[in-house]
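J.: Sequence unavailable; structure follows:
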């Protein structure tokens, strides 16, 4: 066998091996590991797919719906996309920047009562820092981080 034939045979073998690996990956259960990212409207349209599946739900926190129960370490609130509204129940502390009227992404699953159960809340925020204008006392700065709470 000549040197050129050996190189050609090696190239064909490498292509076949890569093709077999790609076929195995595409036929495996990768779909079971996917996490869908849906708005409340998309979640309700795909309710059958959402049952028992891990989903990321994104939208705005509805004003007046946030309720924090510190003794149970649970929070409830509603998320909307302007069309549909989903009630969310969260276990654990929400992020410090969490508040009503901001965009959030929660990861969890929809239960049989149409309540989205989550342990993971991600707050959307800008990467740009803006210093407060004028002089601001430290006590007043704390109020900007947690609206409605007195220090």
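T.: Received it, and whenever you're ready, just let me know what you need. Worth saying up front: this structure is predicted, and the values here are computed from it rather than measured.

J.: what about residue 89, helix or strand, and which?
T.: Residue 89 belongs to strand 85-91 when assigned by DSSP states H and E.

J.: what's that strand packed up against?
T.: The helices and strands touching strand 85-91, judged by 3 or more Cβ pairs under 8 Å, 6 or more residues apart in numbering; DSSP states H and E, are helix 40-45, strand 55-61, strand 74-80, strand 103-110, strand 115-123. To be clear about C-beta, it is placed using only N, CA and C from the backbone, and glycine gets the same treatment.

J.: Which one of these lies nearest to residue 11?
T.: Taking Cβ to Cβ, strand 55-61 is the member of the helices and strands packed on strand 85-91 nearest to residue 11, at 42.3 Å.

J.: ok now the longest helix seen in the chain, how far from the chain's centre?
T.: In the chain, with assignment by DSSP state H, the single longest helix is helix 3-27. In terms of Cα atoms, centre = their mean, to the nearest Å, the centre of helix 3-27 is found 38 Å from the chain centre.

J.: Pull the residues that contact the helix or strand just after that helix.
T.: Counting by DSSP H and E, the next helix or strand C-terminal to helix 3-27 is strand 36-38. For strand 36-38, contacts defined as Cβ atoms under 8 Å, 6 or more residues apart in numbering pick out 46, 49, 50, 53, 55, 56, 57, 58, 105.

J.: Note down every partner strand of strand 36-38 and its orientation.
T.: When sheet partners are counted by DSSP bridges, strand 36-38 sits next to strand 55-61 (parallel).

J.: For whatever helix or strand comes next after the partner strand, which outside residues touch it?
T.: Using DSSP H and E, the next helix or strand after strand 55-61 towards the C-terminus is strand 67-69. With contacts defined as Cβ under 8 Å, 6+ apart, strand 67-69 is touched by 74, 75, 76, 77, 94.

J.: Buried by neighbour count, from those: which ones?
T.: Buried positions within the contacts of strand 67-69, assessed by neighbour count (16 or more other Cβ atoms under 10 Å), are 75, 77, 94.

J.: Can you pull out the low-pLDDT segments for the protein?
T.: For the chain, applying pLDDT under 70 flags the ranges 29-34, 124-127, 129-136, 138, 140-151.

J.: Thanks a lot, see you next time.
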